[in-house]
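Participant: model this:
(one chain, ligands or ions: 1)
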Amino acid sequence: MRHQIIMTVFAGAIMALAPGQPGEPAPIPSKPAEPAESVRSVSHLALRTNPFLSLHLLVRAAAAGNAEAPPIEGFDVAVATARKISENSGDRAWALIDGGLAGCTDVEQARAWAGAVRLAADRPNARQAEPTPGPKDLIEALAAVEPAFLEKVWPAHQQTLNAASAHLRTSLLAKEAECVADATSKLGITDPVIEIPVYLVVHAPPPGGITYRTRGGAVCIVDVSAHRGTALDEAVLHESLHAIDVASTEQPTVLNDLRARLRGDGLRPSPGWREVPHTVIFVQAAATIRRVIDPQHQDYGITGGYYDRVKPAAEAVRPVWAGYIAGTLTRDEAVSRMVDGYHPPAPPGE
Ligand SMILES: [Zn+2]
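Facilitator: Here you go, the predicted structure:
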């Protein structure tokens, strides 16, 4: 069910890796500078496709039960390896591997990258009863199926990705500066003026949109199968706002104000610390798409079911942020009302 897939799309938000940790993703290879980059005054969304990353995320999607495995010999080995990594290391592993592989365009680059990283479970002091698969094992499993993937699967993926790119170029990207300026100004962000790599893929595990922090800056990945029409515009803008948020951690933005006020004593952070600012990103991204691209656009938080999944945050944020956008509340009033209006469910047993 498409909605089943869609409803989880934005839930993953940011998987952060502190700079300097072992196993940090490789920097994104530099791309040729585009014209006028030096005079840009707003952040720029750079759409990218990467067959190797697409293969990797198809394997991950199949391992998560979110895509069918193509009839390729050895694909089951890659899927089993991905499942093992998930079992052993969970999301932290994928923050490392997905972000790292986004910067690798072929097996050789991926091998070089995997040779320089290790997962927590690979560390010598993590005594395991049996060796656990890591990035190197996954890369070899991917290498074994890559030729068949490129021959049998990639051409159709490429067509789908070209269609998605063509849509975005006539909608979100055609009004990129206006969209970024609208959203950042509402969120109290001084645009950090960054290039935001947005990798489009045909299949990804849930959530179908995610942003990773890497040494080279944030990297966004968006599953185009999970979004159609202006929902794709909102998904790409939403992930781009995560990237801009990562690049503005030192600024007194609305998102940072909310986190500071919801962090409490730091001993027992409220779930709202993550959910309230994230819901603001949802609401603002949808509002910007409506204002700049299509007045008929419906919040993806509604059509994808996200607001239902985070009811306390949605109830605290949606009416208040709508009031702020309409000019009936000041920013300070809006922030205070969202913090005061957030009533998390009582923890189990209390
Ligand atoms: Zn998000």
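
Participant: hey, where'd the helices end up in this protein?
Facilitator: Taking DSSP state H, the helices of the chain run over residues 2-6, 51-63, 75-101, 107-115, 135-152, 154-170, 176-186, 230-246, 254-262, 272-288, 300-303, 306-309, 311-326, 331-340.

Participant: Tell me which of those sits nearest to A204.
Facilitator: Nearest of the helices of the chain to A204, taken as C-beta to C-beta: helix 51-63 at 4.5 Å. All C-beta spots, glycine's among them, are computed from the backbone N, C-alpha and C.

Participant: To what extent is E250 buried, counted in neighbours?
Facilitator: Using other C-beta atoms under 10 Å, E250 has 8 neighbouring residues.

Participant: Tell me, what's the model's pLDDT at it?
Facilitator: Note on E250: pLDDT of 95.

Participant: phi, psi of it?
Facilitator: Note on E250: backbone dihedrals following degrees, to the nearest 10 are phi -90, psi 0.

Participant: For this structure, which residues score under the pLDDT cut-off?
Facilitator: Within the chain, the ranges that satisfy pLDDT under 70 run 1-39, 118-130, 265-269, 347-350.

Participant: Spatially central, which residue of it would that be?
Facilitator: For the chain, the residue sitting closest to the mean C-alpha position, by C-alpha atoms, centre = their mean, is I210 at 1.5 Å.

Participant: I'd like the distance between it and the ion.
Facilitator: Separation of I210 from the ion (C-beta to the ion, to the nearest Å): 8 Å.

Participant: repeat for A46
Facilitator: Distance, A46 to the ion, using C-beta to the ion: 19 Å.

Participant: isn't that residue right next to L200, touching?
Facilitator: No: using C-beta atoms under 8 Å, A46 is not in contact with L200; the gap is 11.0 Å.

Participant: who has more neighbours, the two?
Facilitator: Higher neighbour count among A46 and L200: L200, with 25 against 16, using other C-beta under 10 Å.

Participant: and the more buried one, what does it touch?
Facilitator: Neighbour list for L200: 47-49, 161, 164-165, 222, 224 [criterion: C-beta atoms under 8 Å, 6 or more residues apart in numbering].

Participant: Let me have those residues in CSV, extended by neighbour count.
Facilitator: Formatted as CSV, the contacts of L200 follow (neighbours: other C-beta atoms under 10 Å):
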residue, neighbour count
L47, 19
R48, 18
T49, 18
L161, 21
A164, 23
S165, 17
V222, 25
V224, 25
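
Participant: Out of those, flag the one nearest to the ion.
Facilitator: Set against the ion, the nearest of the contacts of L200 by C-beta to the ion is V222 (10.8 Å).

Participant: and G217, what are its bridge partners?
Facilitator: G217 has these beta-bridge partners by DSSP bridges: T214.

Participant: could we number from 673 for the rest of this?
Facilitator: All set: I'll call the first residue 673, so the last point we hit is now G889.

Participant: wait, isn't it in contact with I866?
Facilitator: Yes: using C-beta under 8 Å, G889 is in contact with I866, at 6.1 Å.

Participant: joint contacts of these two?
Facilitator: Common contact partners of G889 and I866 (C-beta under 8 Å, 6+ apart): 915, 919.

Participant: gap between E911 and G973?
Facilitator: E911 sits 14 Å away from G973, going by C-beta to C-beta, to the nearest Å.

Participant: thinking again about what came up before, my guess is the residue nearest to the centre of the chain contacts I893. True?
Facilitator: Yes: counting by C-beta under 8 Å, I893 is a contact partner of I882 at 5.4 Å.

Participant: Show me whatever sits in contact with both of these two.
Facilitator: Shared contacts of I882 and I893, defined by C-beta under 8 Å, 6+ apart, comprise 770, 876, 911.
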